[in-house]
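Novice: Sequence and predicted structure below; questions after.
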Amino acid sequence: MGGWRAVPAPAMLRAMLSHGSVMRRSLALLLLLALAVTTPALAQRRGGAAGKSATVTTGDAGGEVRTTFAAYARALNAADWPRVISFYADDPRFEWIEDGEVRYPSKDAIAPSFEAMAETGSTIVFKTEPPHVAVLAPGVAALRVSFETTIVDKEGKPFTFGGLLTIDLIKTTDGWKFLRGHTSSVPSGR
């Protein structure tokens with residue numbers, strides 16, 4: 001295999017920023033952000049001096065996020081739509097992406113889809129693998145989980161799909177809330 005070699009991150013960033021497309025520059029900025037977030041934590045793990053302001057204390061945030069997600073799954077399966085809606089952040093930064101497009105730009109936009117489930121008498125069977133949680137900073141976490149969902153209409157007709165769900169959560173005074181989400185799914189049988 002040819003051509004690939006390890007390049008120090010600053011050199012790679014300079015190359016990406018100075019040459020190439022808008023996409024390359026965007027990727028470089030994302031890489032820079034990732035380095036800014038992870039470098040202090042890595043230095044601290046290695047015994048380096050990352051500085052007290054860069055120390056991330058997370059407590060059991062990962063456990064709290066898993067508990068929040070489990071409660072969300074229970075609410076979905078119980079068709080407790082007001083409870084389901086309560087897990088989404090009422091925040092101007094909110095957005096939910098489904099299959100390549102911003103489907104819901106706000107909590108107010110996502111609520112009607114669950115309210116419609118209540119009106120039509122539809123139910124959901126939502127199954128997941130154990131979620132992977134990464135605590136990114138105090139009060140910020142990312143969750144990734146494989147899922148399978150079956151929506152059953154009031155006539156008993158099921159529609160099943162599954163895929164991967166990623167959620168960025170923020171800690172609020174009301175607990176952990178879904179700030180941004182992304183669902184990539186395919187209908188069953190594909």
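Specialist: The structure has been received and is ready for your questions. The structure displayed is predicted, hence computed values, not measured ones.
Novice: so Asn77 makes contact with Phe126?
Specialist: Yes: between Asn77 and Phe126 there is a contact at 5.6 Å, judged by C-beta atoms under 8 Å. Quick note: C-beta positions are derived from backbone N, CA and C, even for glycine.
Novice: More neighbours: those two, which one.
Specialist: Comparing Asn77 with Phe126 by other C-beta atoms under 10 Å, the one with more neighbours is Phe126, at 18 against 14.
Novice: any idea how far that one is from Thr160?
Specialist: 11 Å (C-beta to C-beta, to the nearest Å).
Novice: Name the residues contacting each of the two.
Specialist: For the pair Phe126 and Thr160, residues contacting each of them under the criterion C-beta atoms under 8 Å, 6 or more residues apart in numbering are Glu148, Thr149.
Novice: So which elements touch whichever helix or strand Thr160 is part of?
Specialist: In the assignment (DSSP states H and E), Thr160 maps to strand 158-172. When contacts are defined as 3 or more C-beta pairs under 8 Å, 6 or more residues apart in numbering; DSSP states H and E, strand 158-172 sits against helix 61-77, strand 140-152, strand 175-187.
Novice: try 6 Å this time
Specialist: strand 140-152, strand 175-187 (3 or more C-beta pairs under 6 Å, 6 or more residues apart in numbering; DSSP states H and E).
Novice: Can you pull out the low-pLDDT segments for this protein?
Specialist: With pLDDT under 70 as the threshold, the chain has low-confidence stretches at 1-58, 187-190.
Novice: Quickly list the domain ranges of it.
Specialist: Using automatic domain parsing, the domains assigned to the chain come out as 9-54, 61-187.
Novice: Would you mind measuring from Val145 to Arg103?
Specialist: In terms of C-beta to C-beta, Val145 sits 18 Å off from Arg103.
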